[in-house]
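Asks: Build the 3D model from these lines:
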Amino acid sequence: MKEEFRNLILSINREGIERLVDFIDSTDFYTAPASTKFHGSYEGGLLEHSMKVYELLCDKVKHTSIDIEVSEDTLKIVALLHDICKVKYYKVAYRNAKNEKGEWEKVPFYTVEDCIPYGHGEKSVMMLSEYIKLTPEELYTIRWHMGFTEPKELYSTISVAYKKYPLALLLHEADLEATYFYDI
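Replies: Numbers count the residues shown, from 1 in each chain. The predicted structure follows:
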């Protein structure tokens, strides 16, 4: 899956993409979980989640009831990299838990160590912008991919973004489906 991901990213025609791949290769992107306990909370979960979101988003764009034109590069960027903010974010810690025999043992679990507390979608936008120039559609789509899990004070802003850039709503839906239908 790592090679498929890398090939998809390297096929993007955007200045700086090789530097972005070098950065990704230097991080834990391929081994990181997608979350601590909610979905994809296992080694490689982030990569698997990103690939599933890409698959689902491509299908959504192809079969949507509205007229939407989006480039292959944009689909790859927003789907495969929407959660790049999760690199170097999760750490393994240990806690005591009883095993099947009722004996205590140390078991690993994921915890968060946020060294760059800049939010979620906006952090991914910031990180990607260090390597490639994002289009306005890509900026808004990645920024608002969390949808209405954002604070309620932002709901009207999210609604405006979704009307202006329907791809943002489709990415949010694909992200939710990967999380709740596929648990990745």
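Asks: which secondary element of this protein has the worst mean pLDDT?
Replies: Between all helices and strands in the chain, the lowest mean by mean pLDDT, DSSP states H and E belongs to strand 104-112, at a mean of 78.
Asks: quick one: strands adjacent to that strand?
Replies: Strand 104-112 pairs in its sheet with strand 90-98 (antiparallel), by DSSP bridges.
Asks: after the least confident helix or strand of the chain comes which helix or strand?
Replies: Of the helices and strands lying after strand 104-112 in sequence (DSSP states H and E), the nearest is helix 121-129.
Asks: Format the CA atom coordinates belonging to that next one as PDB.
Replies: These are the backbone C-alpha positions of helix 121-129, laid out as PDB (Å, rounded to 0.1, in the frame of the first residue of the first chain):
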ATOM      1  CA  GLY A 121      -7.600  20.900   8.800                       C
ATOM      2  CA  GLU A 122      -5.800  24.100   9.000                       C
ATOM      3  CA  LYS A 123      -2.600  22.300  10.200                       C
ATOM      4  CA  SER A 124      -2.800  20.000   7.200                       C
ATOM      5  CA  VAL A 125      -3.100  23.000   4.900                       C
ATOM      6  CA  MET A 126      -0.200  24.700   6.600                       C
ATOM      7  CA  MET A 127       2.000  21.700   6.300                       C
ATOM      8  CA  LEU A 128       1.200  21.000   2.700                       C
ATOM      9  CA  SER A 129       1.700  24.700   1.800                       C
END
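Asks: I'd guessed Y182 sits against K52; true?
Replies: Yes: judged on CB atoms under 8 Å, Y182 makes contact with K52 at a distance of 5.7 Å. Placement of C-beta: from N, CA and C, glycine included.
Asks: the more surrounded of those two?
Replies: Neighbour totals were compared for Y182 and K52, and K52 leads with 23 against 15 (other CB atoms under 10 Å).
Asks: so what's the more buried one closest to, chain neighbours aside?
Replies: The shortest distance from K52 to any non-neighbouring residue, by CB to CB, 6 or more residues apart in numbering, is to A178 (4.2 Å).
Asks: re earlier: and the least confident helix or strand of the chain, which residues are buried?
Replies: By neighbour count with 16 or more other CB atoms under 10 Å, strand 104-112 contains the buried residues Y110.
Asks: And stretch 37-57, by the same measure?
Replies: Going by neighbour count (16+ other CB under 10 Å), the buried part of stretch 37-57 is 39-41, 43-54, 56-57.
Asks: No more questions from me, cheers.
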